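A.B. asks: Give me the fold of what follows.
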Amino acid sequence: MPKPPKKPWQPKMAPDDRNWRKDKFSSVSARADAELSHRRQLQQLRPLPDQDTAHFAMLMMLHGAGWPNAELWEQWQQQHEPGEVTMMVHLKAGVDPASVRTGREAIACRKLATSVEANWGDISLVEAQLDSMGELLRRCPHVTHIGLASGHDLPLQLLRPGLLLPGVSMFGAYQFPEVETRTLKVAALDALVDDLEMDLTEAQDWAQALTFHHQWMVLAREHAAALVLLTKEIGVVGRAIHKACNSVKAGMAPDEFILLTALRAHGYARSVQRVELKPGMRYPPGTLLNSYPTLVLFPAESSPHPVLWTDMDSKTECQVERHTGQQYFKRMSLRECLKVSVDRCAIFFRKVEMREEKGDGGQQVQKLLEVLQQLWHGGSSAARKGAKRKRGASQQRSSKGSGTKRDAAGATDSAASSAADSETAAGSGDAEEGDEAETPPRPQRKRAARSR
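C.D. replies: Sure, this is the predicted structure:
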């Protein structure tokens, strides 16, 4: 009988938010279903693949660039049980599906009826997300989690049991110094009271709940349902807080703060935990887990946009954060970033668009697929290190009592092991000597910049 896996380290739970309402959270899915049932009849909508069976849904937010990584996503979906995962597409209003640059067939068969003219940096992008989630919830009665992604994202992990916890959402936070956070909360409070004439107590709830986050997250069904119910209020409050952020020169777009802020202000968030999520960890429903499900790197030259990776091996100097929070710069390739991202427990990665050269024959895309397939099936550097330790222990046991012959045998075994490791490294693109695979990157913004 195989030994059961060891339980991962479980961090101490953060205290419950002061606004937490367990009764509201427990009933929100039923209330959202009742509200959504009054909208367009589901029978009038064209059926989309796996909508009746899926337990996880990827919501792809796309525009004129299309879906560059559609084939990789379809390969990822096929690694799961049939019907377990669905992928649905919101295409910006005004974009002709036949005119997009990439992924036309995949978009055509997965496109939602919802279509909003969503613009970067504007509340309309949030409206597109919420309206799309509303349609998705109606279509998919068994979905427990919704992932938000763009066409430039990649899937790094398969959705194995224990990775997605009931009622728990995952996000990545923007970290600001305490002084800047207080300044933003005061500006938000003033805007809500002065511009919206909001009651002071309600405005304080919103201001204290202000949370800055990456827009690419994984939402539990309950949290998605709550946001859909709050769509109108989110639009009004989001515009006011966005104006307040601009007034203090903090370039935060509405989709980078309003979703989790609304959940916390209305009592749908139990607490916020910061930890990397590993299978076996347990958190109660309602938890917002700051685990960076989608990892993104910013270049060292202080660009407001993250790195766009266009091949596997070219290196870019990136901002990297150690586990201690210390910042440093490091030259990394996409191949290296993908491995350390999985070791850091990220589920998705962005931004990637392989650029095919003339005569390339799609080699870059094939190389990327090969690396992803290794990661999907446990080929991270952490897994390789574990296998190497096991081999070393086995060699020591087999060489006990062999006297002087032991050194020769040990050297031979070691050479064979090193050769095997070298072959693995050649196939999976291990980092160069001196690279720190155990210190994977985590984005942290000390300035107001937007992740696009």
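
A.B. asks: Tell me both backbone torsions, phi and psi, for residue 154.
C.D. replies: Backbone geometry at residue 154, expressed as degrees, to the nearest 10, gives phi -130, psi 150.

A.B. asks: Give me the spatial nearest neighbour of it, chain neighbours excluded.
C.D. replies: Of all residues not flanking residue 154 in the chain, residue 349 sits nearest, at 4.8 Å (Cβ to Cβ, 6 or more residues apart in numbering). Quick note: C-beta positions are derived from backbone N, CA and C, even for glycine.

A.B. asks: tell me the pLDDT at that neighbour?
C.D. replies: Looking at residue 349, its pLDDT reads 95.

A.B. asks: again with the one 5 residues further on
C.D. replies: Among the per-residue scores, residue 354 holds a pLDDT of 88.

A.B. asks: Burial check on it, number of neighbours?
C.D. replies: By other Cβ atoms under 10 Å, 21 other residues sit near residue 354.

A.B. asks: about what we covered before: now do the contacts for the residue nearest to residue 154.
C.D. replies: In this structure, residue 349 makes contact with 153, 154, 156, 294, 295, 296, 337, 338, 341, judged by Cβ atoms under 8 Å, 6 or more residues apart in numbering.

A.B. asks: Partner strands of the helix or strand containing it, with direction?
C.D. replies: If you go by DSSP states H and E, residue 349 is part of strand 348-350. Strand 348-350 has the following strand partners under DSSP bridges: strand 154-155 (antiparallel), strand 294-296 (parallel).

A.B. asks: Residue 228 - nearest residue in space that isn't next to it in sequence?
C.D. replies: Nearest residue to residue 228 in three dimensions, chain neighbours excluded: residue 134, at 4.5 Å (Cβ to Cβ, 6+ apart).

A.B. asks: same for the regular element (helix or strand) spanning that neighbour, what does it pack against?
C.D. replies: According to DSSP H and E, residue 134 maps onto helix 123-139. Applying 3 or more Cβ pairs under 8 Å, 6 or more residues apart in numbering; DSSP states H and E, we find helix 123-139 packed against helix 22-36, strand 56-62, strand 85-91, strand 145-150, helix 221-229, helix 231-247, helix 258-265.

A.B. asks: ok, and what's touching the fourth one?
C.D. replies: Think strand 145-150. Contact with strand 145-150 is made by 55-62, 129, 133, 136, 164, 169, 215-221, 224, 293-294, 347-348, 350-351, as judged by Cβ under 8 Å, 6+ apart.

A.B. asks: Following the chain onward from the strand holding residue 349, which element is next?
C.D. replies: Per DSSP H and E, the helix or strand that comes after strand 348-350 is helix 363-376.

A.B. asks: Pull up the per-residue confidence for residue 360.
C.D. replies: pLDDT, residue 360: 65.

A.B. asks: what are the ranges of the helices in the stretch 251-400 of the chain?
C.D. replies: 258-265, 334-343, 363-376, 381-399 (DSSP state H, counting those that start in this stretch).

A.B. asks: Among these, show the one with the smallest mean pLDDT.
C.D. replies: helix 381-399 (a mean of 49).

A.B. asks: returning to what we had before: distance-wise, check the residue nearest to residue 154 relative to residue 306.
C.D. replies: 10 Å (Cβ to Cβ, to the nearest Å).

A.B. asks: For the residue nearest the centre of the chain, name its beta-bridge partners.
C.D. replies: Residue closest to the average C-alpha location in the chain (Cα atoms, centre = their mean): residue 294, at 2.6 Å. Bridge pairing for residue 294 (DSSP bridges) gives the partners residue 348.

A.B. asks: Might one say that it is in contact with residue 345?
C.D. replies: No: counting by Cβ atoms under 8 Å, residue 294 sits too far from residue 345 to count as a contact (11.6 Å).
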